[in-house]
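Colleague: sequence first, then the predicted structure:
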Amino acid sequence: MAGSTARPFGWALIGCGNVGRSHSRWAVESPDIDVCAFCDINEEAASRYYEQHEGRYYTTDPARVFADPEIEIVTIATTHATHAELAIAAFEAGKHVYLEKPMAMSTADCLRIYEAMQVANRKLMINFSIRFSGATRAIKSRLQPAKVSNAQCMLSPADLTRWQWDPVLGGGPAL
């Protein structure tokens, strides 16, 4: 908000794992964001983010984040199966939500999130940042539309043990 007299938005991160690292860096670098809290079920991870990014506090309890009147925006970067309940709770607390993909594990949960957003009159943004990046737009503008397409996924054996491959936590390989 260069030149603006408006105060920065209070921000919190729920989910202090690998994906949360980028969200934290972007928040800290933004003059429009006041980094308030870091939350994770792993207290050590929340504490580490708090120390690295100089938030106001860390916690293992999302309810503390939702109850904080200084926090206006909550970024949720947790396991996929927790997205719906956390996003709905954030909306019920009057927060805006920046949600990692996938939005939820089922269409029904996506609709519940949408309804909570509507009731709260707050904003929801799903992190589909790469598809809107300048590099992606430039590449797309130079490619001819595909007549036939296929998808491939290349993994190392270690990748197959990550939580994303668990059908309950992450949706499994066919997410």
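Modeller: Perfect, thanks for sending it.

Colleague: helices of the protein, start to end?
Modeller: 18-29, 43-53, 62-67, 83-92, 107-120, 134-142 (DSSP state H).

Colleague: list the buried residues in the lowest-mean-pLDDT helix or strand in the chain.
Modeller: Using mean pLDDT, DSSP states H and E, helix 134-142 stands out as the lowest-scoring helix or strand of the chain, at a mean of 77. Within helix 134-142, no residue counts as buried by 16 or more other Cβ atoms under 10 Å. (Each C-beta comes from the backbone N, C-alpha and C, glycine too.)

Colleague: need the pLDDT of A81.
Modeller: In this model, A81 is scored at 92, pLDDT.

Colleague: hang on, it packs against P167?
Modeller: No: the criterion here is Cβ atoms under 8 Å, and A81 misses it with P167 at 9.5 Å.

Colleague: out of these two, which sits in the busier spot?
Modeller: In this view A81 and P167 are compared by other Cβ atoms under 10 Å, and A81 has more residues nearby, 17 against 12.

Colleague: count of residues packed around the nearest residue to that one once chain neighbours are set aside?
Modeller: Distances taken as Cβ to Cβ, 6 or more residues apart in numbering place L169 nearest to A81, at 5.2 Å, with adjacent residues excluded. By the measure other Cβ under 10 Å, the count of residues near L169 is 16.

Colleague: dihedrals phi and psi, L169?
Modeller: Dihedral pair for L169: phi -70, psi -40, per degrees, to the nearest 10.

Colleague: could you report the pLDDT at it?
Modeller: 72.

Colleague: what does E115 give?
Modeller: For E115, the model assigns a pLDDT of 97.

Colleague: A89 too?
Modeller: At A89, pLDDT is 98.

Colleague: so it is in contact with D61, correct?
Modeller: No: with contact defined as Cβ under 8 Å, A89 does not count as touching D61 (11.3 Å).
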